[in-house]
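Participant: A predicted structure for the sequence below; I have some questions about it.
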Amino acid sequence: MFGMIKNSFFGTTEETEYKMLSSETKDGVSFEVRRYDGAKYAVVSSEGRSFDQVTGELVRKLLMYIGGSNEEGLAMGTTAPIIITVYPRNDGVLSRRLVVAIRIPTSYQQNPPTPTDSAVKVEERHGMTVYALQFGGFAAETEYRAEALRLTRTLGETAPFQRKQYFCCSYDPPLKPYGRRNEVWFLQEEP
């Protein structure tokens, strides 16, 4: 537990690198198109509870893992963002299925420590291109849904992105009071 706290508040945060393909403004809404390389992620999932009920618990599991609750006892440092994959229904409401992931820090990508919590898995994720919309404040399900709707309207019906899932991203520790960075990512469909 101490490792998680130390990591979150006193450690440095390694931000996931990307290549910006374009920065656009449409109808007063600014968004970016980015390319992320594939990498290993620590992942935990949940079914049956709502976004707001379960995200804190799932994020804590991941922070515990990177903070030293692993078989090797290694505090790896923190990465950002934490990525929550959500699956909206046709009416925009989020289903009760979530996958929360955090990229394993670069220095541990080749040989990540083994999780001690059986709910935490290490998986290789492929590279991806996303439409990214940034916003501030404390974000919960309502805020992410509103921003996803705003990005959907901005991109329009013909934009090539997956509509069955999207990513809710948080870059800041939970106790950061201001200057917070959140994003919604839509996965671009590859041609």
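Facilitator: Perfect, thanks for sending it.
Participant: pLDDT weak spots in this protein?
Facilitator: Residue ranges of the chain with pLDDT under 70: 1-11.
Participant: Gln53: neighbouring residues, count only.
Facilitator: 13 (other C-beta atoms under 10 Å). C-beta here means a position set from N, CA and C on the backbone, and glycine is covered the same way.
Participant: right, and the helix or strand after the host helix or strand of it?
Facilitator: Using DSSP states H and E, Gln53 sits within helix 51-66. For helix 51-66, the succeeding helix or strand toward the C-terminus, using DSSP H and E, is strand 78-80.
Participant: hang on, Trp185 in a strand?
Facilitator: Yes: counting by DSSP: H, G, I helix; E, B strand; the rest coil, Trp185 is located in a strand.
Participant: partners of it in the sheet?
Facilitator: Taking DSSP bridges as the rule, Trp185 bridges to Ala132, Phe167.
Participant: who touches it in this structure?
Facilitator: 83, 130-133, 166-167, 169 (C-beta atoms under 8 Å, 6 or more residues apart in numbering).
Participant: contacts for the helix holding Gln53?
Facilitator: 1, 3-4, 7-8, 42, 44-46, 75-79, 82, 84, 86, 94, 98, 100-102, 104-105, 113, 115-117, 119-120, 140-141, 144, 168, 174.
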